[in-house]
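Colleague: model the structure of this input:
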Amino acid sequence: MSWFGKTLLPAGNSNRDFGAQRHLDLGSDTLFCLFLLAACLLYSLHASFNYLTTFTDGILDFAGRPIGRDFVNYWTGGVAVIDGAVSRLFDFNSYHSYQEYILGLDFADHSWSYPPHMLLILWPLGGFSYLPALALWSAATLFAYLWACRLRNGDPWVVALALLLAPSSYICLAGGQNGFLTAALLIGGFRLMRTHPIIAGVLFGILTVKPQLGILLPFALMASRRWLTIVSAGVTTVFMVAASAFLFGLESWEAYFEIIVPFQAVIMNERLGEFLVMMPSAYMGLRLLGVEQEIRTAVQLLLFVIALAGVVWTFARCQDWILQLAVLTVGTFIASPYAFNYDMTAVSFALVLITMRALRSGFLPFERIILAMVWLLPISINWLNLHNLPVGSVMLMACFCCLLLRVHGELATPKVGGAQLGKKQI
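Modeller: So this is what the prediction gives:
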């Protein structure tokens with residue numbers, strides 16, 4: 001068994017016996033990972049076939065939603081910029097009628113939920129009709145995601161294949177969502193911090209279009225003393241906010257804070273819909289169980305503090321970028337009450353890296369099953385929540401504990417000449 005990079009040999013066993021056992025474990029672990037990927041592929045094919053065969057009215061599915069589902073909101077934002085109709089995005093009374101007008105179809109109700117500087121990203125989509133815009137969005141954001149996750153050494157094609165088959169990738173593609181974009185910004189910025197801190201800050205600044213996904217990022221940057229990146233992120237954010245206010249009017253920001261932000265609170269506490277079962281947060285899980293809002297808030301706040309402490313400790317003490325990224329991404333989903341399964345693309349990349357490392361150096365006790373459960377969480381969370389088993393946050397917390405144990409082991413490993421013994425990059 002391998003604990004924190006140290007080999008524990010049972011009494012009376014030789015190194016040769018242990019090596020043979022480790023070789024056997026590696027083979028079984030690899031087969032288990034291949035089985036998981038094959039199961040993900042079969043699920044994606046089966047779900048895609050079932051979904052695509054429900055289209056009976058052009059591009060509308062069985063629920064009356066356009067193919068690409070939530071992408072219609074992004075496309076609407078781009079068209080509204082070109083039409084000079086940005087104000088309609090923040091008007092609940094006219095938003096959906098405007099969507100139906102520009103698409104030329106009656107379809108299920110949608111709502112806008114993004115800050116005005118998101119339009120700086122969506123603007124180009126308005127120059128295309130709906131289906132070409134959807135294809136462009138999906139291909140461009142997926143490419144950015146895979147590019148940010150590329151490895152110069154190790155097994156880059158294995159990583160790319162695993163990410164393409166990841167449940168989070170399927171959910172993101174099927175829903176026309178922005179998970180690839182936000183993951184590319186977070187992972188890209190994270191990997192550029194050491195060599196290009198200003199560019200990293202620019203990417204983090206752009207990520208503020210989904211602020212709930214960066215809830216722990218400022219604390220991580222401060223703990224690791226990335227001051228130049230912090231300044232760059234701040235300047236980028238201010239520039240994007242100012243640019244959007246100049247281009248779309250200051251009233252767009254006023255409407256966002258007066259209308260959209262309060263509506264998000266209503267969604268979290270009162271509204272019903274499919275979105276309820278797509279969130280792995282403790283807050284939403286407790287709501288599904290009928291727990292009072294005050295208790296939900298207290299539990300979520302406690303988990304935020306735990307995640308914050310783990311992230312700050314990791315970034316202040318550990319220099320291993322893989323462990324830092326894994327702790328940050330998993331910790332974010334523990335800390336944030338408002339995050340969806342399609343946002344877990346960055347978590348998927350971290351899980352791939354941790355699994356590849358564990359295949360070489362060994363898994364912690366129960367780590368295999370915990371990593372597998374979190375890997376499958378983007379597709380299992382719906383079923384779990386629908387059946388009153390909202391344990392997504394429990395799975396994430398178990399994964400977070402495993403990662404912190406790995407950080408502890410990294411710090412406890414003896415160092416020679418500034419390098420840690422037995423340390424592997426993947």
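
Colleague: can you pull out the helices in the stretch 1-150 of the chain?
Modeller: Read by DSSP state H, counting those that start in this stretch, the stretch 1-150 of the chain holds these helices, from start to end of the chain: 15-52, 71-83, 95-103, 119-122, 130-148.

Colleague: for residue 63, find the nearest of those helices.
Modeller: helix 15-52 (10.2 Å; CB to CB). Heads up, the C-betas are built off the backbone N, CA and C, glycines and all.

Colleague: which elements pack onto the host helix or strand of residue 222?
Modeller: Taking DSSP states H and E as the definition, one finds residue 222 inside helix 217-223. The contact analysis (3 or more CB pairs under 8 Å, 6 or more residues apart in numbering; DSSP states H and E) places helix 217-223 against helix 227-248, helix 293-317, helix 321-335.

Colleague: most packed of those?
Modeller: Of all those, helix 321-335 carries the top mean neighbour count, a mean of 25, counting by mean count of other CB atoms under 10 Å.

Colleague: which helices and strands sit right next to that one?
Modeller: Under the contact criterion of 3+ CB pairs under 8 Å, 6+ apart, helix 321-335 touches helix 179-192, helix 217-223, helix 293-317, helix 345-361, helix 392-412.

Colleague: distance of the nearest residue to residue 267 once chain neighbours are set aside from residue 39?
Modeller: For residue 267, ignoring the flanking residues on the chain, the nearest one in space by CB to CB, 6 or more residues apart in numbering is residue 275 at 7.1 Å. As for residue 275, its distance to residue 39 is 26 Å (criterion: CB to CB, to the nearest Å).

Colleague: just send the helices and strands packed on helix 217-223 back as CSV, with distance to residue 85 and mean pLDDT too.
Modeller: Supplementary listing: those in CSV, determined by distance: least, CB to CB, whole Å; pLDDT from 0 to 100:
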stretch, distance to residue 85, mean pLDDT
helix 227-248, 10, 97
helix 293-317, 36, 97
helix 321-335, 34, 97
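
Colleague: which stretch among those helices comes nearest residue 214?
Modeller: Across the helices and strands packed on helix 217-223, closest to residue 214 is helix 321-335 (CB to CB), at 7.8 Å.

Colleague: that closest one vs helix 293-317, what angle?
Modeller: Between the axes of helix 321-335 and helix 293-317, defined by axes from the mean of the first three to the mean of the last three CA atoms, to 10 degrees, the angle is 170 degrees.

Colleague: output helix 321-335 as CSV, nothing but the C-alphas.
Modeller: Output in CSV follows, covering the C-alpha atoms of helix 321-335 (Å, rounded to 0.1, in the frame of the first residue of the first chain):
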residue,chain,number,x,y,z
TRP,A,321,0.3,22.8,-9.1
ILE,A,322,-1.7,19.6,-9.7
LEU,A,323,-2.7,19.4,-6.0
GLN,A,324,-3.3,23.1,-5.9
LEU,A,325,-5.6,23.0,-8.9
ALA,A,326,-7.5,19.9,-7.6
VAL,A,327,-8.0,21.5,-4.1
LEU,A,328,-9.2,24.7,-5.7
THR,A,329,-11.7,23.3,-8.2
VAL,A,330,-13.2,20.7,-5.8
GLY,A,331,-13.2,23.3,-3.0
THR,A,332,-15.1,25.8,-5.2
PHE,A,333,-18.0,23.3,-5.6
ILE,A,334,-18.1,22.8,-1.8
ALA,A,335,-18.0,26.5,-1.1
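
Colleague: next one: that helix to chain centre, how far?
Modeller: Averaging C-alpha positions (CA atoms, centre = their mean, to the nearest Å) puts helix 321-335 10 Å from its chain's average.

Colleague: need the helices and strands packed on helix 217-223 in CSV (columns: distance to residue 107).
Modeller: What follows is these, written out as CSV (distance: least, CB to CB, whole Å):
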stretch, distance to residue 107
helix 227-248, 25
helix 293-317, 33
helix 321-335, 31
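
Colleague: for residue 170, which of those helices is the nearest?
Modeller: Distances from residue 170 to each of those were compared by CB to CB, and the smallest falls on helix 321-335, at 17.9 Å.

Colleague: measure stretch 262-281 end to end?
Modeller: The stretch stretch 262-281 measures 20 Å between its terminal residues, going by CA to CA, to the nearest Å.

Colleague: what sits up against it?
Modeller: Residues from elsewhere that reach stretch 262-281, judged by CB atoms under 8 Å, 6 or more residues apart in numbering: 92, 111, 113, 283-285, 287-288, 293, 300, 333, 336-342, 344, 377, 381-382, 385-386, 392-393, 395-396.

Colleague: give me the buried subset of the residues you listed.
Modeller: Among those, those classed as buried by neighbour count (16 or more other CB atoms under 10 Å) are 113, 283-285, 287-288, 300, 333, 336-342, 344, 377, 381, 385, 392-393, 395-396.

Colleague: just to revisit the earlier point, and the helices of the stretch 1-150 of the chain, which is most packed in?
Modeller: With neighbours defined as mean count of other CB under 10 Å, the helices of the stretch 1-150 of the chain peak in mean count at helix 71-83, which reaches a mean of 22.

Colleague: not counting sequence-adjacent ones, nearest residue to residue 392?
Modeller: When the adjacent residues along the chain are set aside, residue 392 lies closest to residue 280, with 3.0 Å between them (CB to CB, 6+ apart).

Colleague: and the lowest mean pLDDT element among the helices and strands of this protein?
Modeller: strand 6-7 (a mean of 36; mean pLDDT, DSSP states H and E).

Colleague: contacting residues for the residue nearest the centre of the chain?
Modeller: A centroid search over the chain (CA atoms, centre = their mean) returns residue 344, at 2.9 Å, as the residue closest to the centre. Applying CB under 8 Å, 6+ apart, we find residue 344 in contact with 168, 179, 280, 333, 377-378.

Colleague: list just the nearest of the residues you listed to residue 226.
Modeller: Checking these against residue 226 by CB to CB gives residue 333 as the nearest, at 22.0 Å.

Colleague: state the distance from the closest one to residue 347.
Modeller: Distance, residue 333 to residue 347, by CB to CB: 7 Å.

Colleague: then residue 237?
Modeller: Summarising the geometry, the distance separating residue 237 from residue 347, computed by CB to CB, is 24 Å.

Colleague: what about the residue nearest to residue 267, how many neighbours?
Modeller: Other residues within reach of residue 275, judged by other CB atoms under 10 Å, total 14.
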